[in-house]
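Colleague: no FASTA, just this:
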């Protein structure tokens, strides 16, 4: 999926991020994020750097200098309306998978030299309600 938009539609208090499938049927997944996270996502999506590095820009630079790449970001589930995610990282010592907030994972995926793929569990596109993450070996 691709981050297609970050927007704030009044009277909503928080921005929403829109993910869209890159291939047909081009379904979308829209969910709210915090104001700071929405700003960071909008800047990353538009490839805008701030005059002084924001937290995600700094973290992206640290990952790069440590030779750690974000290989993929996965939206894995939903609990009580909150989305769950994880990042697949490739480090000099091998591949790692760590839990993250979807917004953080998306910003870091977009901030990589080559944007990392965004993968979404099909069940999240099927409807509302809780989706228990599937345990992935490794």
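Modeller: Sure thing, it's come through. Quick caveat, the model's predicted, so the values are computed rather than measured. Numbers count the residues shown, from 1 in each chain.
Colleague: show me the beta-bridge partners of residue 100.
Modeller: residue 85 (DSSP bridges).
Colleague: pLDDT value on it, please?
Modeller: Note on residue 100: pLDDT of 96.
Colleague: tell me how many other residues crowd it.
Modeller: 18 (other C-beta atoms under 10 Å). Backbone N, C-alpha and C define where each C-beta goes, glycine included.
Colleague: from residue 4, how far off is it?
Modeller: Distance from residue 100 to residue 4, counting by C-beta to C-beta, to the nearest Å: 20 Å.
Colleague: now residue 57
Modeller: Counting by C-beta to C-beta - residue 57 and residue 4 are separated by 22 Å.
Colleague: now swap in residue 11 and tell me
Modeller: Residue 11 is 23 Å from residue 4, by C-beta to C-beta.
Colleague: of these two, who's got more company?
Modeller: Between residue 11 and residue 4, residue 4 has the larger neighbour count (other C-beta under 10 Å), namely 17 against 4.
Colleague: so what's that one up against?
Modeller: 18, 19, 20, 28 (C-beta atoms under 8 Å, 6 or more residues apart in numbering).
Colleague: most neighbours out of those, which is it?
Modeller: residue 19 (22 neighbours).
Colleague: all strands for this protein, in order.
Modeller: Remark: strands assigned in the chain by DSSP state E are 2-7, 16-20, 28-32, 69-79, 82-91, 94-100, 118-120.
Colleague: these into CSV, with extra columns for distance to residue 108?
Modeller: Listed next are these as CSV, based on distance: least, C-beta to C-beta, whole Å:
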stretch, distance to residue 108
strand 2-7, 12
strand 16-20, 14
strand 28-32, 17
strand 69-79, 5
strand 82-91, 7
strand 94-100, 8
strand 118-120, 11
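Colleague: nearest to residue 39, out of these?
Modeller: strand 2-7 (8.4 Å; C-beta to C-beta).
Colleague: quick one, the closest one and strand 28-32 angle?
Modeller: 40 degrees (axes from the mean of the first three to the mean of the last three C-alpha atoms, to 10 degrees).
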